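1. Here you go, sequence then predicted model.
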Amino acid sequence: MALPDFLNDLNDSQREAVLCTDGPSLVIAGAGSGKTRVLTYKIAYLLTQGVKPWEIMALTFTNKAAKEMKERIAALVGEENARYLRMGTFHSVFASILRHEANKIGYNSNYTIYDEADSRSLIKSIVKEMGLDDKVYKPADIHCRISDAKNHLITARAYAEDFEALQRDAVDGKPKTSSIYTEYARRLLQSNAMDFDDLLLNIWMLFKNDEQARLNYSGNFRYILVDEYQDTNHAQQEIVFQLTSVHNNICVVGDDAQSIYGFRGANIDNILNFQHLYAGAKLFKLEQNYRSTHSIVDAANSLIHKNERQIHKDVYSMGDEGEPIILTGLSSDREEAIFVSRNIRERMRKQGLSYSDFAILYRTNYQSRTFEEEFMKSAMPYRIYGGMSFYQRKEIKDIIAYFRLVVNPYDEEALERIINYPARGIGNTTLAKLHNAARDSNKNSWEILEQSDQAELDVNKGTMTKLTDFRNLIMTFAERLDKDDAYTLGKQIIRESGISNDIYSGKDPEQLSRQEHLEEFLASMQEFTEAAREQENPMGLTDFLQDVSLLSDREEEDGNSPKITLMTIHSAKGLEFPCVYVVGMEENIFPSPMSQGSLRELEEERRLLYVAITRAERYCHLTYAKMRFRYGRMEWDAPSRFLRDIDSKFMRFSSNDTAPAFRNHTPVTQQRSFAPRPMSMPKPASQSGTPLTRVQTAVRKTGTSVNCAFAVGDKVAHDRFGNGVITALEGDSGNTKATVRFDNAGTKQLLLKFAKLRKI
């Protein structure tokens, strides 16, 4: 049979992978090498060779990917051929099979599927019914534990017999987790409902316990194809193995160098060990990158080759040589945002680029704050991809609502939002009574609280005490408005309201993210207060709130207008941009502190940086800040150890960078454990060329005295604004003001006794 003409669209490596149809095959697709094209063309080729559409199962990770692949296949072989393909996400394909086989596992075919909110609501009810403390047995945390068990194919019964799991729960102070899991599984079955994880667990159980069902499905599907195989978890890999038990015709496509979802349960061992699991599996490597320049590809290669556990490949580009990757060190996260903003405008002016050509990639969500603020001040349009604006996050809006109520107790919206947060026993019924009393007496809700009239509110003594305690709490804060600066009072509100205890009460990923956001918000208050003090501006909570309100109330831009994209690196996978800035390249951020001490997790962090760099088509710019506000103080961090993993011949150090250690390229590749981040007074960061063997930070002294005389023309350094030149001095010795023209932050007027300027 003649080969179809569409195969001429492929390069030699792609065509070789497509034409291999019999037996198991592994296609390792480097970044930008045409992975999706190989998968779609292989399915199209099978259809032209007489394979029936219903004999092919193609599994993806998103509905969008499945839809796009199906459309491409239809364009190659016709709509009729593509229509009957069994193609979709793991969950959607297996949910469909379970509809037909539900009776074999104790369900009806019309079962419902619980989303995350449904699952957590059920767990919350079970915790309450069992008389357990929901502050210990948080629904989100228990749901994560149950989900992890199911994705490792551990049923409730098996969990109850798993000594290690029971011991781990006991150590974590949650010994009743197994009982909750058992009841949760019973209630799901009783309700004829499955959660998302059940769609995997139950299909595996079906094939495990019903030999005929496994033979039927593995026999009917002659060809199994899996996209993004590096992202599969244990359950998905086991189910695919069951489905290929008859014909053994399986093709998986992926890139171990882009395996970055270990925290979601993805297991890189699935792709690394594929050839051991499937004896005789053929290996194909797609190594030509069609996306990026030579310099970007070579730099990314030099980085990822430092990983020990990988399937080696030499990705190359046939495109332009391109600019080397640029590395810039800035004084602070504030100067970092200012620098990136200016650099974007400069590239747009010189190279005719659009806002939509730029992406800012960061390791964690909280890093967006300084960039959002700077872009808003500079009237530069942006969007948060796959997330929400820093100031729109619930924990931040809760804190701001407290601030609003302290400043203006008649703010009804703020009062309603936080009167029972953290929970203090003031429920919706009481709140409704408060609103009704206010409406009937033509007053504001706060006025009713001020009167403390139990009869007018129609509440019992206990409830009235709770309302009075809340009122007194807010009034205590309000009394400090004219006495404390925004940072001092803001910290007091966050602590004494109970917000801090609530946010720091858990260790699940959701809680850890909220903790990071709280720390970043504290940093914003600290920065506002210090800047206001240095420049003799008002620095009270009212002034801070006004500043934040103007930022958080930004009007939405036209949805079709070009915008700078801000996103986490995890969200950026699969995307590409002409210009990419990877920011926050520091120890304690990238790699994540949670990865230190584990070679496996550290290598995933290195793969994450590889993904970030390979999103860039033409320009890639790395930045790090020497100082950030964290854990209630300003801290110095060493640049990320990963920066030494990039061969210096593919990197250019901008004039702002003052870390010559990177010029002496000393890879850090063999470290298997790293000291945890010190929480007490740490030692100064090394600026030598020796390898970084531990997280090194130092606290900047914050004395307000001026230890040396300054003169016009002096070159100076500032913790937040970076380097600059004094252009004017005025005032007496105790209140001398310096006008400083900073390299990136523009011109500022600063009080020397507060500014902490240093001659350079």
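-> Thanks, I have the structure now.
2. Next, the contact list for Gly746, please.
-> Neighbour list for Gly746: Ile338 [criterion: Cβ atoms under 8 Å, 6 or more residues apart in numbering]. In this view, the C-beta of every residue, glycine as well, is placed from N, C-alpha and C.
3. Okay, and the beta partners of it?
-> Here Gly746 sits in beta bridges with Phe742, going by DSSP bridges.
4. Do you know the pLDDT at it?
-> At Gly746 the predicted local distance difference test score is 84.
5. Next: Glu556.
-> According to the predicted model, the pLDDT of Glu556 comes to 49.
6. try the one 3 residues further on
-> Note for Gly559: predicted pLDDT of 61.
7. Also the one 5 residues further on?
-> Ile564 is assigned a pLDDT of 97 by the prediction.
8. for it, what are its contacts?
-> Residues touching Ile564, when contacts are defined by Cβ under 8 Å, 6+ apart, comprise Ile344, Tyr355, Ser356, Phe358, Ala359, Ile360, Phe375, Met380, Pro381, Tyr382, Arg383.
9. which among these end up buried?
-> For those, a neighbour count by 16 or more other Cβ atoms under 10 Å gives the buried set as Ile344, Tyr355, Phe358, Ala359, Ile360, Phe375, Met380, Pro381, Tyr382, Arg383.
10. And the residues you listed, which is closest to Glu516?
-> Distance to Glu516, by Cβ to Cβ, is smallest for Ile360 among the buried ones among the contacts of Ile564, at 17.2 Å.
11. Using the three-state scheme, assign the closest one.
-> Three states are possible here, and by DSSP: H, G, I helix; E, B strand; the rest coil the one that applies to Ile360 is strand.
12. Can you tell me how far it is from Asn249?
-> To Asn249, Ile360 is 43 Å away according to Cβ to Cβ, to the nearest Å.
13. again, but for Ser648
-> Ser648 sits 46 Å away from Asn249 when distances are taken as Cβ to Cβ.
14. Who has more neighbours out of these two?
-> The residue with more neighbours, out of Ser648 and Asn249, is Asn249; 20 against 17, by other Cβ atoms under 10 Å.
15. residue contacts, the residue lying closest to that one once chain neighbours are set aside?
-> Excluding its sequence neighbours, the residue lying closest to Asn249 (Cβ to Cβ, 6 or more residues apart in numbering) is Tyr223, at 4.8 Å. Listed by Cβ under 8 Å, 6+ apart, the contact set of Tyr223 reads Thr21, Leu46, Val51, Glu55, Ile56, Met57, His247, Asn249, Ile250, Cys251.
16. dump the residue contacts of the last one.
-> The contact partners of Cys251, taken as Cβ under 8 Å, 6+ apart, are Ala17, Cys20, Pro24, Ser25, Leu26, Val27, Leu39, Lys42, Tyr223, Ile224, Leu225, Val226.
17. Buried ones from those residues, can you make that a PyMOL selection?
-> Selecting in PyMOL just the buried members of those, where the criterion is 16+ other Cβ under 10 Å, is done with this command:
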select buried, resi 17+24+25+26+27+39+42+223+224+225+226
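18. As TSV, the contacts of Cys251 with pLDDT would be great.
-> Converted to TSV, the contacts of Cys251 look like this (pLDDT from 0 to 100):
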residue	pLDDT
Ala17	96
Cys20	95
Pro24	97
Ser25	97
Leu26	98
Val27	97
Leu39	95
Lys42	96
Tyr223	97
Ile224	97
Leu225	97
Val226	97
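19. From the contacts of Cys251, which land in strands?
-> Counting by DSSP state E, the members of these that fall within strands are Ser25, Leu26, Val27, Tyr223, Ile224, Leu225, Val226.
20. Now do the contacts for the first one.
-> This points to Ser25. For Ser25, the residues meeting the contact criterion (Cβ under 8 Å, 6+ apart) are Ala17, Ile250, Cys251, Val252, Ala281, Lys282, Leu283, Phe284.
21. Give the helix, strand or coil label for the closest residue to the first one other than its chain neighbours.
-> Sequence neighbours aside, Phe284 is the residue nearest to Ala17 in space, at 4.0 Å (criterion: Cβ to Cβ, 6+ apart). In three-state terms, and counting by three-state DSSP, Phe284 is strand.
22. So which of the contacts of Ile564 are in strands?
-> Checking the contacts of Ile564 against DSSP E, those in strands are Phe358, Ala359, Ile360, Tyr382, Arg383.
23. ok, so of those, who is nearest Asn63?
-> Arg383 (21.9 Å).
24. Next one, pLDDT for the closest one please.
-> With respect to pLDDT, Arg383 has a value of 93.
25. go on, the one 4 residues further on?
-> According to the prediction, Gly387 has pLDDT 77.
26. mind listing what it touches?
-> So, once contact is read as Cβ under 8 Å, 6+ apart, Gly387 ends up touching Asn365, Ser368, Met567, Thr568, Ser571.
27. Kindly recompute the last result at 7 Å.
-> Remark: with contacts taken as Cβ atoms under 7 Å, 6 or more residues apart in numbering, Gly387 is in contact with Asn365, Met567, Thr568, Ser571.
28. gap between the last one and Phe371?
-> For Ser571, the distance to Phe371 under the criterion Cβ to Cβ works out to 15 Å.
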